[in-house]
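*Asks:* only the shape, not the letters, is given here:
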């Protein structure tokens, strides 16, 4: 670290310490743990209601939802891409080949350049966890492919859907140091006369394939 | 009950009628009124404008004067808010444990008029008669400091002959804000114009509230525009009966 | 140290700035419409959140705790971020922050930067520093783009161009983007922006952002957004530079569970905003391979030093206080002369300056308390305003200004029954020169601000206490007579 910023660092820290009595680590930790968290942290609804709520929220922001079983994934994907007349697709590296339609024209995430991404029509990936209450899908990595193309298809497993935000954060804890993206609908702005416009940057079409057991 | 009245400096000087109505109402309900003449001001204007040092002696005076009161009634929610929200802090800051104790002992006995009637005396119908179209403005301190909620409306709903009309944006500040009304007179006037529009939309003859500070400001505008609408403190409405109909 | 808060130090007083804005019909309509829409949306999503108050309490407690141990959490963040391949820099003030950032851009050989919305960069005046060093910053948030291309100033924390309507935006875009044709529907304008910016996102190699949350335990950074330009700037360039006030740090990744529920509902009235991005240092094969973060003080440690008002640093920049404020509703943000406007601006701006500037802002409030009610982190703004007014008065102690003299005189009067009653008598007599046709027409000095817009009744001839005394006298006399 350059010297100037080291001096600033020390100066800032000493200004902070002057105003704060320095507690020992144990005191600080127990103070933090004593903070009351009386908000909801676990599911209150039954599983059927959770899934129903999730689907409702997706529909609210015009995402298309296809329910299918594990065996039906590739057929579902094929149908969706056909509906869009989609000719080119990029696939997340971690997405299993067996779930892709056999004749799909596609390229893997690690094989694609930024410039190619600019023209590719859609992307496919899985997610890490989904939140029913807010209609949120959380993905790990794959940030560029799920951003540049105009369509995004996400495969969500029923048991990945939790009811609340705290439950999702708990699931994500082990991946906390990885790039994570929370997606709750297409992008939007209300900057012009408070009129909400969808799809400023990022995919405007969101397809969710929900795998029911 | 022996009720000690803190009339407030501005009511004493500008709205003595409100005090008279409070006395009439509480005596009608069978209570004895006590008025310690030494009282002057709770210190709110000074404290809120940044003159906290000057407010301190006023606070001590109030605490001393009402130390032995059974119950203190104040027809002004902003003054009650001053006492409840700030007196404990002021006493702590003064580093005077005896004063802190006195404040803590006194606070539970201090009531705004409508909360005295409903919460302490358990009354919602005070036998009032007021045959006019009335709309109620919720002053900020009554809502957000005292959390009076519906209490004044409960009293008003039970007034015989009243035509009570709901005020739109009832919880939006009228723009008085103490010295704000002169220090930021233009914005205060802009806020007042929004409030006046809502009052006039109710077609009420009368706008009421638990604070004459708001009402003085609202009436200042209603009269300037020659609307013919007047403001009265809630005490006047509650004190009116068929025998002694208030004008 | 040179503390800067945009151009607030040179701004006129709130009273002066407000007057012409009150006459701007278009502005007042736009502000009223915008604040109505957001407050209604907020009310709905907050109303359905049954544990809203519990979330607020937890958030406030976490912020309080973090500030009490700020040095620890900043150091923890620095260590974790560095371990993950990030570089952490510290800046005492605006100039130092700008120098650091400009040097970094030069180090990477950049002439252009794509920027995600961050008020912190407006606070330090970063764009000016960029331009002075031959670096061109491209604002990519739609509203910030409108402000930048229109050579304007932001007027709201979350919706900076709320004072502009569609026709005004259309004109700005046509001129700046060189378009001969452009519809004026919001969709047309948004499409124009999408097209214009896409090229920049793919080309420019250096991204610049702020941060909503710094996570001390993981060294992670969280950015909350709606438009997608954030994701573009955070993932496409090879270099990412972030600036964040030191108060943005929270103890742990886990604590996001609270703030990600409070912020979207408070800021835009949604259960969740479209995109949240979280990253830690650099990640091979995904996103920028060079990450630098500048931790900014610029007056924050001063605020920390004041136990009565350090709660100001809880702020998560949601803008809910602006939307609900009846004063802001009349004037919009420019009246405050600071990028931090509204209730939070009224307490944050002068404090960053240690009360040396923006002294009119703590008085730009009727103390109605609506802001405190909606604040997701429970900043008692009215209490802080009163505290800051006290600091302003004490700063001006040497001045023999009329207000101070008047207030001291009033305090003297109120401190004695005799003096109070004498003043009442004096007032009743002394008011007559000002009374005409039964009304007080005009009051002297600042009090004239009352009578200029409101009628005022003269003082009644008998005070309450005088009536009380008379009543007592006749009661006593009656008793004697009856006896």
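*Replies:* Structure's in. What do you need? Just so we're clear, the structure is a prediction, and the values are computed from it rather than from any experiment.
*Asks:* quickly note the distance from the one residue sitting closest to the centre of chain B to chain C.
*Replies:* In chain B, the residue lying closest to the centroid (CA atoms, centre = their mean) is residue B:76, at 2.1 Å. Separation of residue B:76 from chain C (CB to the nearest CB, to the nearest Å): 13 Å. In short, each C-beta sits where N, CA and C put it, glycine included.
*Asks:* which helix in the chain runs the most residues?
*Replies:* No chain was given, so I picked chain A. helix A:3-19 (DSSP state H).
*Asks:* try chain B instead
*Replies:* helix B:185-201.
*Asks:* average pLDDT across that one?
*Replies:* Mean per-residue pLDDT for helix B:185-201: 97.
*Asks:* which residues of chain A score low on pLDDT?
*Replies:* For chain A, the stretches with pLDDT under 70 are A:1-5.
*Asks:* mind giving me the domain ranges of it?
*Replies:* A:3-33, A:47-211 (automatic domain parsing).
*Asks:* coming back round to it: these two touch, right, the residue nearest to the centre of chain B and residue B:215?
*Replies:* No. Using CB atoms under 8 Å, residue B:76 makes no contact with residue B:215, being 10.6 Å away.
*Asks:* what's next to the longest helix of chain A, contact-wise?
*Replies:* A:1, C:70-71, C:74-75, C:89-92, C:96, C:100, C:246, C:295, C:297, C:301-302, C:304-305 (CB atoms under 8 Å, 6 or more residues apart in numbering or on different chains).
*Asks:* just the buried members of these?
*Replies:* Neighbour counting with 16 or more other CB atoms under 10 Å in any protein chain shown marks C:70-71, C:74, C:89-92, C:96, C:100, C:246, C:295, C:297, C:301-302, C:304 as buried within the contacts of helix A:3-19.
*Asks:* nearest to residue A:79, of the residues you listed?
*Replies:* Nearest to residue A:79 among these: residue C:295, at 50.4 Å, using CB to CB.
*Asks:* pretty sure that closest one contacts residue C:91?
*Replies:* Yes. Using CB under 8 Å, residue C:295 is in contact with residue C:91, at 6.9 Å.
*Asks:* what residues are up against residue 110?
*Replies:* Went with chain A since none was named. Residue A:110 touches A:93, C:285, counting by CB under 8 Å, 6+ apart.
*Asks:* wrong chain, I was asking about chain C
*Replies:* C:135, C:204-206, C:239.
*Asks:* nearest to chain A among the residues you listed?
*Replies:* residue C:205 (11.0 Å; CB to the nearest CB).
*Asks:* now do the phi/psi pair for the closest one.
*Replies:* phi -90, psi -10 (degrees, to the nearest 10).
*Asks:* thinking again about what came up before, could you point out which element follows the longest helix of chain A?
*Replies:* helix A:25-33 (DSSP states H and E).
*Asks:* list the buried ones in that next one?
*Replies:* A:28, A:32.
*Asks:* do that helix and chain C meet?
*Replies:* Yes. Using CB under 8 Å from any CB of the partner chain, we find that helix A:25-33 touches chain C at A:28, A:31-32.
*Asks:* centre of the chain to that helix, how far?
*Replies:* Centroid separation between helix A:25-33 and its chain, computed with CA atoms, centre = their mean, to the nearest Å, is 32 Å.
*Asks:* and it, what does it pack onto?
*Replies:* Helix A:25-33 sits against helix C:52-68, with contacts defined as 3 or more CB pairs under 8 Å, 6 or more residues apart in numbering or on different chains; DSSP states H and E.
*Asks:* state the mean pLDDT of the helix it packs on.
*Replies:* 98.
*Asks:* run the angle between the helix or strand just after it and helix A:25-33 for me.
*Replies:* Going down the chain from helix C:52-68, the next helix or strand is helix C:70-83, by DSSP H and E. Angle, helix C:70-83 to helix A:25-33, by axes from the mean of the first three to the mean of the last three CA atoms, to 10 degrees: 90 degrees.
*Asks:* mind listing what's buried along helix C:70-83?
*Replies:* C:70-74, C:76-78, C:80-81.
*Asks:* so how far is chain C from residue B:57?
*Replies:* 5 Å.
*Asks:* ok, now which ones touch residue C:85?
*Replies:* Residue C:85 makes contact with C:281-282, C:291, according to CB under 8 Å, 6+ apart.
*Asks:* beyond the longest helix of chain B, next helix or strand please.
*Replies:* That would be, after helix B:185-201 and using DSSP H and E, strand B:206-209.
*Asks:* mind listing the strands for the chain?
*Replies:* By default, I'm working from chain A. A:64-68, A:89-91, A:106-108, A:122-126, A:129-131, A:136-140, A:151-157, A:161-162, A:180-183, A:188-189, A:197-198, A:205-211 (DSSP state E).
*Asks:* can you look at chain B instead?
*Replies:* Using DSSP E, strands in chain B cover B:2-5, B:32-34, B:71-74, B:110-112, B:133-136, B:163-165, B:206-209, B:230-233.
*Asks:* from the contact counts, what lies against the fourth one?
*Replies:* Under the contact criterion of 3+ CB pairs under 8 Å, 6+ apart, strand B:110-112 touches strand B:71-74, helix B:77-81.
*Asks:* for chain B, which spans come out with low pLDDT?
*Replies:* For chain B, the ranges with pLDDT under 70 are B:244-247.
*Asks:* now the strands of chain B as TSV including mean neighbour count and distance to residue C:436?
*Replies:* Formatted as TSV, the strands of chain B follow (neighbours: other CB atoms under 10 Å in any protein chain shown; distance: least, CB to CB, whole Å):
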stretch	mean neighbour count	distance to residue C:436
strand B:2-5	20	34
strand B:32-34	15	37
strand B:71-74	24	34
strand B:110-112	23	36
strand B:133-136	21	31
strand B:163-165	17	34
strand B:206-209	24	25
strand B:230-233	22	21
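*Asks:* to residue A:182, which of these lies closest?
*Replies:* strand B:133-136 (44.9 Å).
*Asks:* contact partners for the residue nearest the centre of chain A?
*Replies:* What sits nearest the mean C-alpha location of chain A, by CA atoms, centre = their mean, is residue A:138, with 2.3 Å. Residues near residue A:138 by CB under 8 Å, 6+ apart: A:127-131, A:168, A:172, A:180-183.
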